[in-house]
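Q: Predicted structure and sequence below. I'll ask about it afterward.
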Amino acid sequence: MAFTPKKQAFNARINAVTLGTGDKSIVIGGENVLPFYTFDAPIENKPKIAIEISDKGLAGIVSPGLLEFYAGCETVVDMARKAETMEGASAICLHFESADPNGDNTSVEDCVALAKAVADAITMPILVMGCKNIEKDAELFSGISEALQGKNILVLSSREENYKTVGASAGLAYNQKVGAESAVDINLAKQLNVLLSQLGVPAQSVCMNVGSSAAGYGFEYLSSTLDRVKAAALAQSDAQLQMPIVTPISPETWGVKESMSPEEESPEWGPLDERGIEMEVCTASACLVGGSDMVIMKHPAAVATIAKFIDSLM
Amino acid sequence: MALKGLDIFKLTPKKNCKECGSPTCMAFAMKVASGAVPIEKCPHMSADALASLSEATAPLMKSITVGAGATEHKLGGETVLFRHEKTLVNRNLYAVTLCSCMSADEIDAKIEEVKKVDYERIGEREYVEFLYLNYAGNGADAYVALVNKAMAAERALVLNCADADVAKAALDVCKAAKPILNGASKDNLDAMNAAATAAGVTLGVTGADISEIYDNIKALEGKGNKNLIIDCTGADAKQTFANAVMVRRGNLKDQDRSLGYPSIVNLAKIAEGDLHMQTALAAAFTLRYGSIIVMEKMTYAEALALYGLRQNIFTDPQKPMKVEPGIYALNGADENSVCSLTVDFALTYFLVSGEYERSKCPVNLLITDASGMSVLTAWAAGKFSAGTIKKFFDENDIENKIKSRTLIIPGKVAVMKGEIEAKLPGWNVVVGPMEAVQLVKFIKDYTA
C-alpha cells in the first residue's frame, strides 16, 4: 500500500510586499503554505535577511567578527556600503539607537541627514528601526519617510500608541511601507492592522513585527504567536493577519547573558563571538520556521549560515 | 480521535454505577473520547466492545521508552502539531556521533568533550542524552569496542548499524541498557527486525523516500513489531524537513497510526562539518518534529542557545515556568548590598537578573513565591502582596541574613509601598522602574 501524503496548500495567501526600488528591490511574503512547506506548494519568494547597522557605528561593538568585517569603515555610510556585500544580505536596516532621549538624544535632523546619506550610497532596500521612544520615533519616522520619498523603505515600527502619526506620514503621505509592532499577542497584532487599515493605509503597505525575543528568553510566546498568526492568515483566511512578518533578531540575541558575558567570567562557555553567533543563528532559524518572512541580523557568520539554511530548505 | 463521545456511550452498560470514577456513563464516555481516561477504567465493558474501542481510542502517536535506569528517556506521545493547541509532551533529545572508525583515544576524547556540557537551567538538566554510534563497516570487534566505551559514558545509546550480524554482536553486550537499533531499510528488514525483537529494543526504520519509509513501517507492523522509531533523515535538509513534517502531520492530522512513532533526524549527515548550519537545523527540528536530533558536536555555545530554545518550546502553556524562590546574590552582592524584590515567573527572573547583571552593581535579588505569575497578575491574584512578602521574609530569615535595609519593589506595584513598610518596619522601601529595561539606569543612579 503506497503512501500518498495529503497536501496542505491553502486558498489564502500571505500578502506579497515589495521593498526598495530598481534591480535590488525585494518581495517578501506571497506564500500559501506554512513556512518551508514546499512539499505542499512551491514558495515563490524565499525569506530575506536585512542587516542591522547601528547609527552609533562601531562604537560599543565588542564582537571580534563584526569588527573584522567592518574594518576600515569610518562612517555609518561606509558600514552600510560594506554590509551590502555581506553574503546573504538582501536589505539594510538602519537602527537609530542614539535617538533615544534617555541616551544620546541625537536630533531628528541629524538622523534624517544620516538616513539620506546612507540611502544615496547604497542600492539595497532600506529598513529604519527607531529607538523605542514613542514620541521620538514618530517624529523620526515622519522625517525620514519624507526625506527618502520614492525609496520605498520600511519603517519599524508603528505601535498602538503612535500608529496615527506613523501611519499617516510614512504610509499615506510618503508612500513608504509601515511596520506594525505588537507584543507577542495575536489579538493585539490584528487590532493594530485593523487600526492602520481604518486610517487608510493599504494592507499591501503593511508588514508585521509580532514581537521579538531571544531563544531561552520567553521565546515560547513568540513561537506560538507566529504559529497562530500563520494559521489564522492561511487556514482561516483572516485578511487582517495576512501581512508578511519581519522579526528583529540581532537586537535581542546580542543583549542576553549568553552573548555578552566575557570569556573570563565563565571560561567553560568558550569564545564570546561563537556564543553570540549560535544564539543569533538558533533564534533566527526558529523564527523563520515559525513564520517570519524577513529577519534582521548582524553578524556575517550568522547571516551566511541563515542564508544557506534558507536556500537548503527552499 | 476518530470516535465521538456518543459512539463510546452506546457501548457502555449505561448503568451509571460510578465504578469508573465518573458520575455517569455519559460523562465517562466524553472523557474517554477526549483521551482523559482509558476505556479500561469501566469494569462492565464487554470484551468485544473493549477490543473495538481500545484500538480506536488509543493515542495516535505512541510513546516509546528507551534507555534504562539513569539513562531512561521517553519519546513521542504527542497529541498536537503546535504547542498552542494544547501542549507538547516530550521534549526533543540530543545525540552526538561517535564512529567505529575512530581510534580508542579519539573516542575517549570525544566522550570527555560531550560530558563537559552538563548544567542546570530552571530546574532542568541540560546535557547530551544520547551517543549515536556509527558503524563504519570495519568488523564487529571494532564496533563492540566502541559500544563498550560508550556504555561507560552514562548516556543512552543509538546503534546506527545496518549490518544485522554486527548489530547482534553489539546488542549482546548492551541490550540491558535498552539502546535504539537504527538502520532497518528494505534490504535488511527481516534480519534487523529479528535482531531488535530478540534483544527487546526499539528499532529505527528508514527508506529512500517517505513512501518507502511507510512501506517499511507497514511491513514491520505486519510482523508484529510496534516498538519503532522513524529515521526521517533524507538525502539533504529539504527532504529531511519534508519527511519529518509529513510523518507527524500524517499521524496527528490525518490520523494514520502507522506514522505514530517518534523520529530521528541526523544533522551530522545532512550538514556534515558545518556546526553553525547544524544549529540552524536543530532549531528548526526542535519546532518541527524531531525527537532525537543527531549532531556532530555539542559545544557550550550551541547548547546555551539550543537548550534554551527547547526549554521554551516544551513548556506547558497552561503551567508557567518558575524559578526557585530565595535570595539570588548578583554581581558579587553581600549582606550589605541593596535588595530588589520580584516574583518567581521565569521570564521575569531572566529579564530582571539579566538587566542587573548588565549594570554590574551588586544586588540581592529576592524572588518570592508567586505561583509563577508575572508581577501584575500575581498582585491581582493576591499572590504578591505585603502579606506574602512578609511571609517570604520570615521563611527565608532575610532580616538576619541581610544587613542592608533597602528594598526595591517593581514600579508596577508602587501602591504596595505603604503596606510593605507597615509589615516590614525598619525597611526603606524604594519604588523601582516600571520595566526591566530601565533597571540598569535606575540602579546605577541609585547606588551612585
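A: Cool, the structure landed.
Q: List the residues that contact residue 162.
A: Picked chain A for this. Residue A:162 makes contacts with A:134, A:135, A:137, A:138, as judged by CB atoms under 8 Å, 6 or more residues apart in numbering or on different chains. Backbone N, C-alpha and C define where each C-beta goes, glycine included.
Q: Chain B was what I was after
A: If a contact means CB under 8 Å, 6+ apart, then residue B:162 has B:135, B:183, B:184, B:185, B:187, B:188, B:192 as its contacts.
Q: Look up the closest residue to the first one, ignoring the ones flanking it.
A: Setting aside the residues directly before and after it, residue B:135 is nearest to residue B:161 in space (CB to CB, 6 or more residues apart in numbering or on different chains), at 3.8 Å.
Q: Report pLDDT for that neighbour.
A: Residue B:161 carries a pLDDT score of 97 in this model.
Q: Need the phi and psi values for it.
A: Residue B:161 has phi and psi values of phi -150, psi 110 when expressed as degrees, to the nearest 10.
Q: That one touches residue B:144, doesn't it?
A: No. Applying CB atoms under 8 Å, one finds residue B:161 not in contact with residue B:144, separated by 10.7 Å.
Q: what touches both of the two?
A: Between them, residue B:161 and residue B:144 have residue B:170 as joint contacts when contacts are counted by CB under 8 Å, 6+ apart.
Q: out of these two, which sits in the more crowded spot?
A: For residue B:161 against residue B:144, the residue with the higher neighbour count under other CB atoms under 10 Å in any protein chain shown is residue B:161, and the figures read 27 against 18.
Q: ChimeraX command for the buried members of the contacts of residue A:162?
A: Here is the ChimeraX selection string for the buried members of the contacts of residue A:162, based on 16 or more other CB atoms under 10 Å in any protein chain shown:
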select /A:137,138
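Q: Next step: the contacts of residue A:162 restricted to helices.
A: The helices, defined by DSSP state H, take in A:134, A:135, A:137, A:138 from the contacts of residue A:162.
Q: Can you pull out the low-pLDDT segments for the chain?
A: All of this refers to chain A. By pLDDT under 70, the low-scoring segments of chain A are A:1.
Q: wait, chain B
A: B:1-3.
Q: check contacts around whichever residue of the stretch 101-250 of chain B sits closest to chain A.
A: Relative to chain A, the nearest point of the stretch 101-250 of chain B is residue B:214 (3.5 Å; CB to the nearest CB). Listed by CB under 8 Å, 6+ apart, the contact set of residue B:214 reads A:2, A:3, B:207, B:258, B:259.
Q: quick one: the nearest residue to the fourth one once chain neighbours are set aside and residue B:355, what's the gap?
A: In this structure, residue B:258 finds its nearest non-sequential neighbour in residue B:217, 5.2 Å apart by CB to CB, 6+ apart. Between residue B:217 and residue B:355 the distance is 51 Å, computed by CB to CB, to the nearest Å.
Q: for residue A:256, same thing?
A: As for residue A:256, its distance to residue B:355 is 11 Å (criterion: CB to CB).
Q: give me the number of residues near residue A:27?
A: Neighbour tally, residue A:27, other CB under 10 Å: 16.
Q: Over to it. Which of the three states is it?
A: The three-state assignment at residue A:27 reads strand, by DSSP: H, G, I helix; E, B strand; the rest coil.
Q: okay, now residue 132: neighbour count?
A: Going with chain A. The burial count assigned to residue A:132 is 16, neighbours taken as other CB under 10 Å.
Q: That was the other one, I meant chain B.
A: Counted with other CB under 10 Å, residues neighbouring residue B:132 total 27.
Q: quick one, strands of the stretch 151-300 of chain A?
A: In the stretch 151-300 of chain A, the strands defined using DSSP state E, counting those that start in this stretch lie at A:154-158, A:177-181, A:206-209, A:246-248, A:294-297.
Q: and the longest helix for the chain?
A: Using chain A here. Of all the segments assigned as helix in chain A under DSSP H, the longest by residue count is helix A:272-290.
Q: I was thinking of chain B, sorry if that wasn't clear
A: Counting residues, the longest helix found in chain B (DSSP H) is helix B:237-252.
Q: quick one: contacts for residue B:382?
A: For residue B:382, the residues meeting the contact criterion (CB under 8 Å, 6+ apart) are residue B:388.
Q: can you tell me which residues contact residue 230?
A: All of this refers to chain A. By CB under 8 Å, 6+ apart, the contact set of residue A:230 is A:34, A:35, A:290, A:291.
Q: try again with chain B
A: The contact partners of residue B:230, taken as CB under 8 Å, 6+ apart, are B:204, B:205, B:206, B:213, B:217, B:247, B:259, B:261, B:262, B:263, B:264.
Q: how about 6 Å then?
A: With contact taken as CB atoms under 6 Å, 6 or more residues apart in numbering or on different chains, residue B:230 is in contact with B:247, B:261, B:263.
Q: before we move on, what SS does it have?
A: Each residue gets one of three states, and residue B:230 gets strand by three-state DSSP.
Q: cool, the one 3 residues further on as well?
A: Look at residue B:233: counting by three-state DSSP, its state is coil.
Q: Tell me how many other residues crowd the closest residue to it other than its chain neighbours.
A: If you skip the residues right next to it in sequence, residue B:233 has residue B:266 as its closest partner in space, 4.1 Å away by CB to CB, 6+ apart. By the other CB under 10 Å criterion, the neighbourhood of residue B:266 contains 27 residues.
Q: tell me the SS of the closest residue to residue B:381 other than its chain neighbours?
A: Setting aside the residues directly before and after it, residue B:381 is nearest to residue B:373 in space (CB to CB, 6+ apart), at 6.2 Å. Following three-state DSSP, residue B:373 is assigned to coil.
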